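Novice: Give the three-dimensional model of this entry:
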Amino acid sequence: MAFNGWEGMLFIGMNAALSIRVSNELGYGHPRAAKFSVYVAVSQSLLIGILCMVVVLLARDYIAFIFTSNKEMQEAVSNLAYLLGATMLLNSMQPVLSGVAVGSGWQALVAYINLGCYYIIGVPLGCLLGYLAKFGVKGLWGGMICGTALQTLILLFIVYRTNWNKEVEQTTERMQKWGGVQIETEKTSDDV
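Specialist: Below you'll find the model as predicted:
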């Protein structure tokens, strides 16, 4: 899990950076720049997540040597490596997508998605798989992975379906409401 924490630091930083970038581009009236920033960051996070997952899966028999010399513990870590790989892949994209949502002003929506996916889907499913189905830690972790996967898919769908021109219009209205400056927005032919 230390590897997941190391990877997580990178994507928490990307969350903050992308949130600022998207909100600035929307505030400046640049829907294409906001959309491009989102696609670059999501693609980059996906590639880094895949790379981290592959490294964990390839090194699954050797990862535990860094932390312990106990053979049973090393075998247990090796058996759980595929769950760690899936977690690292999902945790590479989810914070970045949350950063897009926060930068776009969808904080409440993301909060409800998080609550629903974790506490209505992930935790109960993990308890069912872990305790009732007797899968143990694999079931608990698998349930949480399902919750995170659902959250990531929902956020991906929302970001994919976003009309960035309308987001700029909404941002402009918010800025005018709160006393911001009038901006000149980009004119695009199609929905961005």
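
Novice: quick one: low-confidence ranges for this structure?
Specialist: Applying pLDDT under 70 to the chain flags the ranges 1, 180-185, 187-192.

Novice: which residue is nearest the middle of it?
Specialist: Gln94 (0.7 Å; Cα atoms, centre = their mean).

Novice: Which strands and helices lie in contact with the longest helix seen in the chain?
Specialist: Longest helix of the chain, by residue count under DSSP state H: helix 71-103. Packed against helix 71-103 by the contact rule (3 or more Cβ pairs under 8 Å, 6 or more residues apart in numbering; DSSP states H and E) you find helix 2-28, helix 31-58, helix 107-115, helix 137-160. The way it works is simple: take the backbone N, C-alpha and C, and place the C-beta from them, glycine included.

Novice: what packs against the first one?
Specialist: Taking 3+ Cβ pairs under 8 Å, 6+ apart as the contact definition, the neighbouring helices and strands of helix 2-28 are helix 31-58, helix 71-103, helix 164-177.

Novice: Same question for the second one.
Specialist: Counting contacts by 3+ Cβ pairs under 8 Å, 6+ apart, the secondary-structure elements packed against helix 31-58 are helix 2-28, helix 71-103, helix 137-160, helix 164-177.

Novice: circling back: give me the neighbour count for the residue nearest to the residue nearest to the centre of the chain when sequence neighbours are not counted.
Specialist: Nearest residue to Gln94, sequence neighbours excluded (Cβ to Cβ, 6 or more residues apart in numbering): Thr152, at 4.9 Å. By other Cβ atoms under 10 Å, 22 other residues sit near Thr152.

Novice: Could you do Gly85 as well?
Specialist: Using other Cβ under 10 Å, Gly85 is surrounded by 22 other residues.

Novice: Same question for Gly143.
Specialist: Other residues near Gly143 come to 23 when the count uses other Cβ under 10 Å.

Novice: Ile113 too?
Specialist: If we define neighbours as other Cβ under 10 Å, then Ile113 has 20 of them.

Novice: go on, the one 4 residues further on?
Specialist: Taking other Cβ under 10 Å as the criterion, the count of residues near Cys117 is 23.

Novice: thinking it is in contact with Leu153, fair?
Specialist: No: with contact defined as Cβ atoms under 8 Å, Cys117 does not count as touching Leu153 (9.4 Å).

Novice: if we can go back for a sec, most tightly surrounded among the helices and strands packed on helix 2-28?
Specialist: Sort the helices and strands packed on helix 2-28 by mean neighbour count, taking mean count of other Cβ atoms under 10 Å, and helix 71-103 sits at the top with a mean of 20.

Novice: Next, the angle from that helix to helix 107-115.
Specialist: Helix 71-103 runs at 160 degrees relative to helix 107-115, counting by axes from the mean of the first three to the mean of the last three Cα atoms, to 10 degrees.
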